[in-house]
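Colleague: let's see this in three dimensions:
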Amino acid sequence: MGKLINKIVFLINSIVAFGLLLSYLLPYVSPKTFPLLSVLSLTVPIFIVINLIFLIYWIVLLNKRLILSLLVLILGFSHVSSLYKLSGKSWDEEERGVTLLSFNVRSFDRFDWIGSGKIPQNISALVKEQNPDIFCAQEFYNNPDTNFSQYPYKYENFNNDNGELALVVFSKFPIINKGSLHFKKTANNIIFSDLVINSDTIRVYNVHLQSHKISSNTDRLANEDSEKLLKRVQTSFERQQEQAEMLIKHMDASPYKNIVMGDFNNTPYSYVYNKIISNDLKDTFKEAGSGFGKTFEFDLFPLRIDFILIQDNIEVLEFKNFDMELSDHYPIFSRIKL
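Modeller: Numbering: from 1, shown residues only. You can find the predicted model right below:
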C-alpha cells in the first residue's frame, strides 16, 4: 500500500516539477505572443513551495525520488532566491550611503479600506523615521494629514483625468530635470527625475505599471467571472510589455546611471521584470534582502511586485521591507553606495 501511495505522490510530484521547469521559460516569453502563458508567472511561488514540500517528503522517507524536485529547484536557483533569501547583508553603519524608499500608498487609505483612521499620519511617521534621501510614492493623493516637509525637492505628476492620484519623487537632492512617459488611457505611468548627488547625477524612475485590478481577498477573487478575469489579466500583461519597452528605450537614452523604483504589478518571474532588469540593473532585494520580501498583501502566497533596481556598478549596502498594514502594498527600503 505504501509503495502505491509513493507512486501516486511521485506522479503528482513529476507534474508539479515539470510545471516549475516550464515556468523558467516564462521570463523569455512575450505576453503579446503568448498572453495566457504569461499569466502563469503569477503562480511560480506556488510551484516552488510545492516542490519544496515534495523534497522534504522524500528526504524524510530517505527516498531517492528526492532527486527530481532537488534538481528542478537547483536549476531554478535564481527563481528560488527571488522568492526567499535566508539572510540579508551586513554593512558598516558609519557608511551612510544614499537611502531609497518606494511605497504604493494606495491614496493613504482614502476610502477607509483598512479602517485605521490614521494611515496618512502613520505613513508620514514611517517616512520621517526611516528618513530616506529619495522617496518614490505611487498612487499618491494630496491628503492634508500627510507631512513630507523634510524634502526640499519634489516632482509630482498626475496621469489620470481627475487629477487625483499621482506618482511623486521626493528628494533631498536638487532635481535638475524631470519628465513623464505619459502612458495613454490609463492612470498608470512612469516618471523620472535627474538628481544631483554630490558630484554625480542620477536618473531615478518612479514606476507604476499597468494594474490587473485583482482583489487580494480570496473570497472576492473566487466570486469573479473567471473568463473575464483571465482576459483582463492577459490584456494588462500586454500593456505592461508596451510600458516596459517605453521605459527601456528611455533608459537607453539616459546620460546618467539609472535607478528604477516602484510598483511593477508583476513578479520577478515575469517577462516584464526580466526585460527591465536585463538593462544593466540588479535587484536590491536579491543583493541584500532576507525572508520572503513580500510587498503586496495577497491571501494565497507572498507576492513581491514592488522593486528597487539599481545600475550594476552601484553597490547595495542594505535592503529591508516593512510588515506594516498601511496599504495593500508594503514599503521597501534600500541603502546604496554610488
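Colleague: what is the neighbour count of the nearest residue to Ile332 once chain neighbours are set aside?
Modeller: Here the nearest residue to Ile332 in space, its sequence neighbours aside, is Asn321; by C-beta to C-beta, 6 or more residues apart in numbering that works out to 4.7 Å. Just so you know, the C-beta spots here come from the backbone N, C-alpha and C atoms, and that holds for glycine as well. The burial count assigned to Asn321 is 24, neighbours taken as other C-beta atoms under 10 Å.
Colleague: for Asp323, same thing?
Modeller: The burial count assigned to Asp323 is 10, neighbours taken as other C-beta under 10 Å.
Colleague: same check on Ser149?
Modeller: Applying other C-beta under 10 Å, we find 8 other residues in the vicinity of Ser149.
Colleague: okay, it: pLDDT?
Modeller: We have a pLDDT of 96 for Ser149.
Colleague: do Ile114 as well
Modeller: We have a pLDDT of 91 for Ile114.
Colleague: check contacts around it.
Modeller: Under the criterion of C-beta atoms under 8 Å, 6 or more residues apart in numbering, the contact list for Ile114 reads 325-327.
Colleague: just Met246 next, same as before
Modeller: Counting by C-beta under 8 Å, 6+ apart, Met246 touches 181, 183, 190.
Colleague: can you select the buried ones among the contacts of Ile114 for me in PyMOL?
Modeller: Selecting just the buried residues from these in PyMOL takes one command, with 16 or more other C-beta atoms under 10 Å as the test:
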select buried, resi 326+327
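Colleague: tell me which of the contacts of Ile114 fall in strands.
Modeller: Members of the contacts of Ile114 lying in strands (criterion: DSSP state E): none.
Colleague: measure the residue nearest to Phe103 when sequence neighbours are not counted to Ser38 for me?
Modeller: Ranked by C-beta to C-beta, 6+ apart and with sequence neighbours excluded, the top spatial neighbour of Phe103 is Pro331, at 3.9 Å. In this view, Pro331 and Ser38 are 27 Å apart by C-beta to C-beta, to the nearest Å.
Colleague: check Leu338 too.
Modeller: Taking C-beta to C-beta as the measure, Leu338 falls 35 Å from Ser38.
Colleague: who has more neighbours out of those two?
Modeller: Neighbours were tallied for Leu338 and for Ser38 using other C-beta under 10 Å; the higher tally belongs to Ser38 (26 against 16).
Colleague: and the average pLDDT for the one helix or strand the more buried one maps to is what?
Modeller: When secondary structure is defined using DSSP states H and E, the element that contains Ser38 is helix 35-39. pLDDT averaged over helix 35-39 equals 79, rounded to a whole number.
Colleague: next one: it to chain centre, how far?
Modeller: Relative to the mean C-alpha coordinate of its chain, helix 35-39 is positioned 18 Å out (C-alpha atoms, centre = their mean, to the nearest Å).
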